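Asker: sequence below, structure please.
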Amino acid sequence: MSGSFRRGLVALTLAGLVTRLLFMLLEPATAPAGDERMWLVWGTEVLPSEQIAFSPLRLRFIFHPPVYPYFIGALYALFGTLTAVKLAQCVLGGLLVPAVGRIGAGALGERAGLFAAAVTAFYPELVWFSVHFWAETVFVVLLWWGFERLLQADDRSSAGVTAAAGLLLGLAVLTRETVLYFVPLAAVWLSWRRPGGGRRAAVLLGTALLVVLPWTLRNWMVFRTFVPVSTAGALNLWQGNTHLTRQEVYEEYWAVHGRMQKYRYTREKALESIWDRQPLWLFEKLRDEMPQYWAAHGQPIVHLERGAYGDVARSRAFAAIVVVLAPYLAVLGLFVVGIAALPRNRAVPLLLGFLVFYVCLHVAAHGYPRYRLPSLPVLFLVAGQGWVFLRTRPRPRLGARRCWSAAAVALVLGLSVGPSLVRWVTDPWPPEWARTGEEEALAETPAPDGAPDPVER
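Answerer: Just a heads-up that it's a prediction; the model follows:
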């Protein structure tokens, strides 16, 4: 990497950090909402309590992975303030910038890498998450530094770098379980047509397994059931495939006594629901979930709709909504261009493969704008390639196959994003669920208002 690229990346990293710190200082007064309250209760009340004292064997926590509540709990115990948690997340959020930039430089070139790093530094949704209490900031940073080390391991054939990738990906799994199912695919990619690739794949899988295994053993010791990480996936899969309403699902869920009984019951109901919807299940899910996953919406807007910022003037609310959505729509447009201009190298299939994997995962369960956050760096990177292509003179000539691929992606995204854009024009704001107090958003936590089950405390 050239000296100018390194200097540019350092400047963007500092700019991303300063942007997050400024937002922390200048954000209007707000209160935790939704799952934020659940994370805070576990981190600040349950973990440090005398009964638990941070012991995983005393903790009755299995619905979610453990890293984020321990992240909150450790910082809160050390400093006695949630400001320390926000500051740590601002630093972590800034560290996402060099990870994305380095991946882009290696996979697509330095200009595309700097573009992707710049978007990462200032992207409103990433900035917003860095000062709110969701697992996304920690998860995304661990995940994409894991990818950065993975790509470096592929280039260097280094066991140490490969182990670092496995360590980071394992920690990411313990923050959000969704990536657990991609680690074996990453190992296959690492071993494909590379001398010594099988050995590096074994190191990657072995290291990730060593990180995750202690929590799996803890689950067995506490609950006497094999649960690799957490039990949330079964409920989400059932909720996303049943014809029952969300409220009906939760009422049936709470009627089952015992955490493991709930887990087995929801897993069986999820598989039963999927089987009952054959043979049209996949087509129905694509129709229903793609518009939810790619919707022109975002968690900062949900926070605004919930009234967590208080009574905000309509003009100011819509200005904030535009600030959140305009960069997203611009990135999608450049992403379509970038698809047509992508180079052919080993990194591109890994990045696009992760994007497809993550979309398919949420099509199988259920889509929601917040769930796409871990896949956003892929959009930034490909959009960077589109930006470089549009600014290149003379512009390279694209073949028919590339143009058709870009057109197909544009069609899918248009059909997915279009309904939410129409709703912004036709539906009232704030939405009906916000006015009635009945939240429309699909929550990951089954407890009312995101609070943990009192029995688990």
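Asker: tell me, how many residues neighbour residue 247?
Answerer: For residue 247, the count of nearby residues is 9 (other C-beta atoms under 10 Å). Yep, even glycine has a C-beta here, placed from its N, CA and C like the rest.
Asker: how confident was the prediction at it?
Answerer: In this model, residue 247 is scored at 90, pLDDT.
Asker: distance of residue 314 from residue 18?
Answerer: Distance, residue 314 to residue 18, using C-beta to C-beta, to the nearest Å: 31 Å.
Asker: neighbour count winner among those two?
Answerer: Between residue 314 and residue 18, counted using other C-beta under 10 Å, the more crowded position is residue 18 (13 against 9).
Asker: what is the one helix or strand that one maps to packed up against?
Answerer: Using DSSP states H and E, residue 18 falls within helix 3-26. With contacts defined as 3 or more C-beta pairs under 8 Å, 6 or more residues apart in numbering; DSSP states H and E, helix 3-26 has these neighbours: helix 82-108, helix 110-122, helix 124-129.
Asker: doesn't residue 305 make contact with residue 34?
Answerer: No - if you go by C-beta atoms under 8 Å, residue 34 and residue 305 don't touch, sitting 11.0 Å apart.
Asker: residues in contact with residue 57?
Answerer: 218, 221-222 (C-beta atoms under 8 Å, 6 or more residues apart in numbering).
Asker: what about stretch 388-398, how long is it end to end?
Answerer: 14 Å (C-alpha to C-alpha, to the nearest Å).
Asker: now find how far off-centre it is within its chain.
Answerer: 32 Å (C-alpha atoms, centre = their mean, to the nearest Å).
Asker: give me the buried positions along that stretch.
Answerer: 388-389 (16 or more other C-beta atoms under 10 Å).
Asker: tell me the mean pLDDT over it?
Answerer: On average, the pLDDT along stretch 388-398 is 90.
Asker: which residues touch that stretch?
Answerer: Applying C-beta under 8 Å, 6+ apart, the contact partners of stretch 388-398 are 108-109, 111-112, 115, 334, 337-338, 340-341.
Asker: as JSON lines, the contacts of residue 57 with secondary structure and distance to residue 426 would be great.
Answerer: Below are the contacts of residue 57 laid out as JSON lines (DSSP: H, G, I helix; E, B strand; the rest coil; distance: C-beta to C-beta, whole Å):
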{"residue": "218", "secondary structure": "helix", "distance to residue 426": "50"}
{"residue": "221", "secondary structure": "helix", "distance to residue 426": "54"}
{"residue": "222", "secondary structure": "helix", "distance to residue 426": "50"}
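Asker: residues in contact with stretch 348-362?
Answerer: Under C-beta under 8 Å, 6+ apart, the answer for stretch 348-362 is 103, 107-108, 147, 150-151, 178, 181-182, 185-186, 189, 289-290, 293, 342, 368, 371-372, 374-375, 378-379, 381-382.
Asker: just stretch 79-93 next, same as before
Answerer: With C-beta under 8 Å, 6+ apart as the test, stretch 79-93 has contacts from 16-17, 20-21, 24, 40, 43-44, 71-72, 75-76, 78, 126-127, 129-131, 133, 137-138, 141.
Asker: and the residues you listed, which are buried?
Answerer: In those, burial by neighbour count holds for 16-17, 20-21, 24, 40, 43-44, 71-72, 75-76, 126-127, 129-131, 133, 137-138, 141, counting by 16+ other C-beta under 10 Å.
Asker: what's the helix or strand for the closest residue to residue 42 other than its chain neighbours?
Answerer: Once flanking residues are discounted, residue 42 sits nearest to residue 69: 4.1 Å by C-beta to C-beta, 6 or more residues apart in numbering. Secondary structure from DSSP H and E places residue 69 in helix 67-79.
Asker: and that helix, what's its mean pLDDT?
Answerer: 96.
Asker: try stretch 13-25
Answerer: Averaging pLDDT along stretch 13-25 yields 97.
Asker: now it, how far from the centre of its chain.
Answerer: Centroid separation for stretch 13-25 versus its chain: 21 Å, with C-alpha atoms, centre = their mean.
Asker: again with stretch 264-273
Answerer: 25 Å.
Asker: and the contacts of stretch 403-416?
Answerer: Contacts of stretch 403-416 (C-beta under 8 Å, 6+ apart): 290-291, 293-295, 332, 335-337, 339-340.
Asker: mind giving me the ChimeraX command for buried ones among those residues?
Answerer: To isolate the buried subset of the contacts of stretch 403-416 in ChimeraX, counting by 16+ other C-beta under 10 Å, use the following:
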select :290,291,293,294,295,332,335,336,337,339,340
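Asker: now, the contacts of stretch 403-416 that are in helices?
Answerer: Counting by DSSP state H, the contacts of stretch 403-416 place 290-291, 293, 332, 335-337, 339-340 in helices.
Asker: how about CSV for the residues you listed, with pLDDT and distance to residue 259 added?
Answerer: Shown next, in CSV, are the ones in helices among the contacts of stretch 403-416 (pLDDT from 0 to 100; distance: C-beta to C-beta, whole Å):
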residue, pLDDT, distance to residue 259
290, 96, 32
291, 96, 33
293, 97, 29
332, 98, 40
335, 98, 41
336, 97, 44
337, 96, 48
339, 97, 44
340, 96, 49
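Asker: got TSV for the residues you listed, with distance to residue 29 too?
Answerer: Converted to TSV, the ones in helices among the contacts of stretch 403-416 look like this (distance: C-beta to C-beta, whole Å):
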residue	distance to residue 29
290	36
291	33
293	31
332	32
335	35
336	39
337	40
339	42
340	45
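Asker: closest one to residue 245 out of those residues, please.
Answerer: Top of the list for closeness to residue 245, among these and by C-beta to C-beta, is residue 291 at 18.8 Å.
Asker: ok, the closest one - contacts?
Answerer: So residue 291 contacts 367, 415-420 (C-beta under 8 Å, 6+ apart).
Asker: least confident pick among these?
Answerer: In terms of pLDDT, the lowest of these is residue 367, showing 92.
Asker: quick check: that residue touching residue 287?
Answerer: No - applying C-beta under 8 Å, one finds residue 367 not in contact with residue 287, separated by 11.1 Å.
Asker: and for the closest residue to residue 306 other than its chain neighbours, the neighbour number?
Answerer: Residue nearest to residue 306 in three dimensions, not counting chain neighbours: residue 33, with 4.9 Å by C-beta to C-beta, 6+ apart. Residue 33 has 21 neighbours, counted by other C-beta under 10 Å.
Asker: so residue 33, which of the three states?
Answerer: Here residue 33 is coil, with the state taken from DSSP: H, G, I helix; E, B strand; the rest coil.
Asker: what is the end-to-end distance of stretch 39-51?
Answerer: With C-alpha to C-alpha applied, stretch 39-51 spans 18 Å between its terminal residues.
Asker: please identify the buried residues of it?
Answerer: For stretch 39-51, a neighbour-count test (16+ other C-beta under 10 Å) marks 39-44, 46-47 as buried.
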